[in-house]
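J.: 3D model of this:
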Amino acid sequence: MTTTETAPLHANLILQTLSHLSHSVRPAIIARLLDIDLEQFRNAWSLLETRNLVRMEGGWCVMTSKGILSHGDLSRDMDGYKTDPASESCEFTSAFSLLRQNRALDAVKLLMGQAKRHAPRSSTTASTCLDIIIKILNDFSLAECSEDILRHFIHTIIELADIAIYFPAKTALVCLLLERTTVAAQNFGDTRSVAILHLIHAHLLTFGSFDISPQADKLFDIGFEMGESIGDEDMIEYISTFLGFRHFLKGEFKEAEMQFSKVRGRFALPNSQYWWVVFHGMSSAFLGFDRQAIGSLESALQSAILRNEQLSAEFLRLHLALVLLMFGKTREALAHINAVSEQVDSDSVPVLQIRTAWILMFYHYCTGNLASSHAMMEKINDILVQSNIAKPMHHFPWILETLYIFKKKGMKEAKHFNLKKEFELSSQSPSNQIKAGAWRIRGIMALEEPVTDLDGAMNCLKKALKMYINVGNPIETARVKLDLARVYTHLGRNQVATRLRAAAYRIHRHFGQPAWLDEMPRPRTLPTEDKEAPWLRNHGRSTRITAPVRADEFQRQRLAMLCRKLRVEQAAFFSIKDGEINALSRYNISKTFLNEQIIAQYKSWIMRHLQTKKIERRRGKHGSCILISIENISSNTYLFLLNKYFEDDLLNLSEEKIITSTKSFFKDLHFIQPDEQEAIHKPGSTANVVISPNATQDEFITNNETMLQLLLKLKQATATDVSIHIFGETGVGKELLARFIHRHSGRRGSFVCVHPASMTESLFESAFFGHEKGSFTGATNQKIGFFELANEGTLFIDEVGELPLSTQAKFLRVLQERTFIRVGGLREIRSNFRLVTATNRDLEQEIAAGRFRMDLYYRISVVPVEVPALRMRGDDSLILAQVFLDDLARKYQRGPVALSEANRRLIAAYPWPGNVRELENVIERAVILYNGGNLDLSLQWPEGPTPKAPEAEPSPTSDIVADWPTLEEIERRYIKMVLDRTDGQIDGNDGAAALLGIGRSTLYAKIRRFGFKQSRRFE
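T.: From the prediction side, this is the model:
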């Protein structure tokens, strides 16, 4: 097709492009958008001018009124023209073709792809794409649209909000679209989408400014509360992501790091996942976890490069460079800065230009080049002026310090970088870290005034020190200590000053801080060893794993703790079988990078050292690495450690430390193999589920004849596939018996334990059946349900009487047919699982009350088994007490502890209303409080006859601590008592939340956590 022949086609595209823009644009931009050269553009433009559809004014394209009226004239010229949607050069053509077919959302998807591709190089082109997109979406009618169309529209708006974070000028327009979409979702009753849209709206409002406005804070709160009320696993992960972001903005890095750690690689926005890695990495860096921060950012950068996501890669490089600068790696940081600087020019998105100049400003400051640092500040100011966007608040404590140094050196202030104004902004910042930085600079200024104000300096610096300690930033804490040392030197208190300097230098030496930043002479003696600092040890304690968690996540958390202990950037566990290397668990390494880069490069080296059983070290393309055989922990398993930026530190790790740490962290860990199913859901999610591929530690201990006969009966039943129902009082060991059944059944699949007490009706299908990706808003990944997880294994449902009546029919059908379909799926799935159920309720009474189906009862209780209470099992209480005592004494390092004769008589006589669980809690409390001599069991005899249901809640007037319960049990009982007194009312001055002094969303979370059945008053 010649240039002349294509003129009608390009003329039509030009006309449609102008019709979707809210303002005029330059001809060169349209040519770039449509991927046509200037000669083609001139021919097309001439055709439009001859029809008086457009005109040129001052180098800008303008559509005439006739052009708008005659828009359809040229559409006929497009008839029969075919394009290749897969070709990038035809995407704009395809987009406008889709618009003519009334496929607006599909057209928007193509245009958003173009916007993301153009953003790093041409912000004007990308911005024009967004203008077209916003115009299309504003014109899109949501009236009487179907649920599927609305879901498609919601996904489109979420993706647009993701891109808009790079274009602050578009924030207001996108926020209006978010508000409109939220109303539509509310009208459809789509609570999940409404919660997500509120959170994304709040995120967009705060992202550009790094400030939390009252509107954004309110949107966050609404989104969190609605999300928690939904309460499924996917929603909890969404909430954790946004909670982490808000904590980050407030300078609450410990809390942010904890929330981000809950997210297992799935992020709230589909394309901005790298920003969450940035916030997580920066939180870790501010807390002093240098290798963790560097490793996570490096891993995300590797993934972005492999996926050819250029804009994300540029931002990741910059923040990785920032973290490297924080920890003294200036050469490595400069390499990343230069890589970005080569790609960024005046036409790149302003946010990228500003961030690049900001990191360069910090680089020059760290290397002592104040003139170049000041030049970068002026460049940032120019970009802000030219792009007409407000300077965002920052989360860098060094910004205010640099401005003070510039003023101190007599350097010129810039419009957007005024020291006085910066102090005002810092005092208004939501970040405690920024406020602490402001107090520090005020203290330094008081110290360096012509007339030194030592009292003022001391007060300001002490405030800064307290705030930095609360924030948890060790580097800035050390710097404040150096400043305080100067004050104490002025006061003549040299010993205090020396101690402060020594403590500060120890931390600075640990993190490779440049000496010139201290502006102080070093003390005469420095520590000769770089021992692990107390603050680092304390942080290590705060990273304990909270069970239960997913089995794969449990492995990853253990690996993360080991890496933090050894100060390793990236790591993975491998299993080797039949010459194939499979990753069991990864830390700061993406699956793609691990398979395509690490395993591909090191496979021959790994295979050569299979039989050595010793630690192997080497340098490679991706850094220094160590390979460790840990077959004494798990057969055919190897630990791979990798450092790219701290290579020597890894290679110099002692063999003893590596082996000791590895054994310590993994001695009790069973590695989940690639072909094994795993899922352990977190507390407060749709249900708690535990999978145990092997159950060697689940032995049932008894010497009672009744129990031995019961176990024999169960062994006979395990030879078949019949359903088994276990009933008895709470705490008798029903789950342990279920594991006993699984272990003796010979089934090769997993043991899946589900506690559905807190599962709402709306979550039942997703939890048990699973769902497909995209089946509902927020379903960003396929989810395997409990039925599928238990294939060829055992599905144990604890407290089966808690299943909602409306879901029991669906459950019964699966039991009858052993087939189901995932939510949003089409394919029928078969699962061969053995069902074991348990309850402490009388299901026959539940049937009589209409709360449980009779047909389901007969289906689940082919073999009914009643477990006797502990008080009915003779000497079992003494046997179990001794077993618990031995185990807990080892756990708490109490040395040999024995039961006295008085203890034995008391244990044998006590009725144990809480059964085995109560016995274990009593022994644990006694061991913890043991200081030698006789063990104090502190048993409180229950009044009156032994209760039939031992966990029935005490009346409001009874003493909730009479039986010495655990702290968690006290909390559970007290909340239940308050809910009973308020008749389930949550809100209001007389509501449970007000009486307990906690937030509404927090109370809902505790209600789900403790499995309270919600009354209509607080559903």
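J.: wait, what's in contact with the residue nearest in space to the middle of the chain?
T.: Nearest residue to the geometric centre of the chain (CA atoms, centre = their mean): Val263, 2.5 Å. Neighbouring residues of Val263 by CB atoms under 8 Å, 6 or more residues apart in numbering: Glu237, Ser240, Thr241, Gly244, Trp276. (C-beta placed from N, C-alpha, C; glycine too.)
J.: Can you tell me the element it falls in?
T.: Taking DSSP states H and E as the definition, Val263 sits outside all helices and strands.
J.: any idea how far it is from Ile134?
T.: Counting by CB to CB, to the nearest Å, the separation of Val263 from Ile134 is 30 Å.
J.: just Lys891 next, same as before
T.: In this structure, Lys891 and Ile134 are 60 Å apart, going by CB to CB.
J.: cool, Arg180 as well?
T.: 12 Å.
J.: Which of the two has more residues huddled nearby?
T.: Applying other CB atoms under 10 Å to Arg180 and Ile134 shows that Ile134 carries more neighbours, namely 21 against 16.
J.: Make sure the more buried one is indeed in a helix.
T.: Yes: counting by DSSP: H, G, I helix; E, B strand; the rest coil, one finds Ile134 located in a helix.
J.: Contacts only, for it.
T.: Neighbour list for Ile134: Ser22, Leu160, Lys170, Leu173, Val174, Leu177 [criterion: CB under 8 Å, 6+ apart].
J.: rerun that using 6 Å as the cut-off
T.: Leu173 (CB atoms under 6 Å, 6 or more residues apart in numbering).
J.: With Arg748 instead?
T.: Counting by CB under 6 Å, 6+ apart, Arg748 touches Glu792.
J.: one step back: sort out for me which of the contacts of Val263 are in strands.
T.: Among those, none falls in strands (DSSP state E).
J.: Among the residues you listed, name the ones in helices.
T.: The members of the contacts of Val263 that map onto helices under DSSP state H are Glu237, Ser240, Thr241, Gly244, Trp276.
J.: Could you dump these into JSON lines with neighbour count, distance to Thr156 and pLDDT added?
T.: Output for those, formatted as JSON lines (neighbours: other CB atoms under 10 Å; distance: CB to CB, whole Å; pLDDT from 0 to 100):
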{"residue": "Glu237", "neighbour count": "23", "distance to Thr156": "22", "pLDDT": "78"}
{"residue": "Ser240", "neighbour count": "21", "distance to Thr156": "25", "pLDDT": "87"}
{"residue": "Thr241", "neighbour count": "23", "distance to Thr156": "20", "pLDDT": "87"}
{"residue": "Gly244", "neighbour count": "26", "distance to Thr156": "26", "pLDDT": "91"}
{"residue": "Trp276", "neighbour count": "22", "distance to Thr156": "21", "pLDDT": "82"}
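J.: Check which residues of stretch 403-422 are buried.
T.: For stretch 403-422, burial by neighbour count (16 or more other CB atoms under 10 Å) applies to Leu403, Tyr404, Ile405, Phe406, Met411, Glu413, Ala414, His416, Phe417, Glu422.
J.: May I see these organised as a markdown table, with secondary structure added?
T.: Formatted as a markdown table, the buried residues of stretch 403-422 follow (three-state DSSP):
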| residue | secondary structure |
| --- | --- |
| Leu403 | helix |
| Tyr404 | helix |
| Ile405 | helix |
| Phe406 | helix |
| Met411 | coil |
| Glu413 | coil |
| Ala414 | strand |
| His416 | coil |
| Phe417 | strand |
| Glu422 | helix |
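J.: Can you pick out the most distant pair from those residues?
T.: Largest separation among those by CB to CB: Ile405 and His416, giving 17.4 Å.
J.: And the strands in the stretch 701-850 of the chain?
T.: With strands called from DSSP state E, counting those that start in this stretch, the stretch 701-850 of the chain shows them at 724-727, 751-755, 770-771, 783-784, 794-798, 819-821, 828-830, 834-839.
J.: Could you point out which of those strands sits nearest Asp887?
T.: That would be, of the strands of the stretch 701-850 of the chain and by CB to CB, strand 751-755, which comes in at 21.3 Å.
J.: May I have the strands that pair with the closest one, each with its orientation?
T.: With DSSP bridges as the test, strand 751-755 is paired with strand 688-692 (antiparallel), strand 794-798 (parallel).
J.: can you pull the buried residues of the one helix or strand Ser312 maps to?
T.: When elements are assigned from DSSP H and E, Ser312 belongs to helix 310-326. Residues of helix 310-326 classed as buried: 311-326 (neighbour count, 16+ other CB under 10 Å).
J.: same check, this time on stretch 864-884
T.: For stretch 864-884, a neighbour-count test (16+ other CB under 10 Å) marks 865, 867-871, 873-874, 876-878, 880-882, 884 as buried.
J.: just curious, which of those is nearest to Ile469?
T.: Proximity of the buried residues of stretch 864-884 to Ile469 (CB to CB) peaks at Phe884, which lies at 39.5 Å.
J.: tell me the secondary structure for that closest one?
T.: Assigned by three-state DSSP, the conformation of Phe884 is helix.
J.: Double-check it against Arg925; I have them as touching.
T.: No: counting by CB atoms under 6 Å, Phe884 does not reach Arg925; the two are 11.1 Å apart.
J.: which residues sit in contact with Glu257?
T.: Each residue near Glu257 by CB under 6 Å, 6+ apart is listed here: Ser283, Ser284.
J.: repeat that for 10 Å
T.: By CB atoms under 10 Å, 6 or more residues apart in numbering, the residues touching Glu257 are 244, 247-248, 279-284, 286-287, 289, 292-293, 472, 539, 542-543.
J.: out of those residues, which are buried?
T.: For these, buried by 16+ other CB under 10 Å: 244, 247-248, 279-284, 286-287, 289, 292-293, 472, 539, 543.
J.: Which of these fall within helices?
T.: 244, 247-248, 279-284, 286, 292-293, 539.
J.: The residues you listed: which two are farthest apart?
T.: Distances among these were taken as CB to CB; the most separated pair is Phe279 and His539, at 18.2 Å.
J.: hmm, back to that, export the strands of the stretch 701-850 of the chain to TSV and append columns for distance to Tyr488 and mean pLDDT.
T.: Formatted as TSV, these follow (distance: least, CB to CB, whole Å; pLDDT from 0 to 100):
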stretch	distance to Tyr488	mean pLDDT
strand 724-727	68	92
strand 751-755	57	86
strand 770-771	62	84
strand 783-784	59	82
strand 794-798	61	91
strand 819-821	71	89
strand 828-830	71	89
strand 834-839	65	92
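J.: among the ones you listed, which is nearest Phe574?
T.: Proximity to Phe574 (CB to CB) singles out strand 783-784 among the strands of the stretch 701-850 of the chain, at 23.9 Å.
J.: The closest one packs against which elements?
T.: Counting by 3 or more CB pairs under 10 Å, 6 or more residues apart in numbering; DSSP states H and E, the packing neighbours recorded for strand 783-784 are helix 761-769, strand 770-771.
J.: That concludes my questions; thank you for your assistance.
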